[in-house]
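K.L.:
dropping a prediction and its sequence here:
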Amino acid sequence: QVQLVESGGGLVQAGGSLRLSCVASGRSFSQWNMGWFRQAPGKEREIVAAIKWNLSYKRYADSVKGRFTIFRDDAKNAAYLQMNSLKPEDTAVYFCAGDGRLLGDYVSDTASDYDYWGQGTQVTVSS
């Protein structure tokens, strides 16, 4: 059974940084595309960033480009989201997600395309 566990959320002042971590169980992690999504109160879940299984492609929401970086360490079955220059509008629950289609060519920005989800970690940015 696949499990994703996020950590690293918290309260930070505007302009600060956080690094979110997502550790996955499951033998096929290295063959999954991975994504980070977020959901603010009253809003739909939205893509933040995603990375292809072979590291050849990364995608970012326009709102985080230049500030956030997604990366992975397959030896640790882990994906990360480095968040710099945080803004109050980045406040949300952040989820990591795994696309169970092995060796997927397309890196999706759609939540319904991802099969595995963590429980979420709260990020709060104060002004």
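P.N.:
Cool, got the structure. Numbering: from 1, shown residues only.
K.L.:
show me where the protein has its helices.
P.N.:
Using DSSP state H, no helices are found in the chain.
K.L.:
can you give me the strands for it?
P.N.:
4-7, 10-13, 18-24, 33-39, 46-51, 58-60, 68-73, 78-83, 92-99, 116-117, 121-126 (DSSP state E).
K.L.:
contacting residues around the fifth one?
P.N.:
Spelled out, it's strand 46-51. 33-39, 57-61, 64, 68-72, 79, 81, 94, 107-111 (Cβ atoms under 8 Å, 6 or more residues apart in numbering). (Glycine included, C-beta is placed from N, CA and C.)
K.L.:
what of the third one?
P.N.:
The set of residues that contact strand 18-24 without belonging to it, under Cβ under 8 Å, 6+ apart, is 2-10, 12, 32, 34, 36, 76-83, 86, 94, 96, 98, 116, 118, 121, 123.
K.L.:
which of the residues in that strand are buried?
P.N.:
By 16 or more other Cβ atoms under 10 Å, the buried positions in strand 18-24 come out as 18, 20-24.
K.L.:
is Ser28 in contact with Leu102, as I believe?
P.N.:
Yes. Taking contacts as Cβ atoms under 8 Å, Ser28 lies within contact range of Leu102: 6.0 Å.
K.L.:
circling back to that earlier point, will you turn the strands of the chain into CSV that also has mean pLDDT?
P.N.:
Output for these, formatted as CSV (pLDDT from 0 to 100):
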stretch, mean pLDDT
strand 4-7, 97
strand 10-13, 98
strand 18-24, 98
strand 33-39, 98
strand 46-51, 98
strand 58-60, 98
strand 68-73, 98
strand 78-83, 98
strand 92-99, 98
strand 116-117, 97
strand 121-126, 98
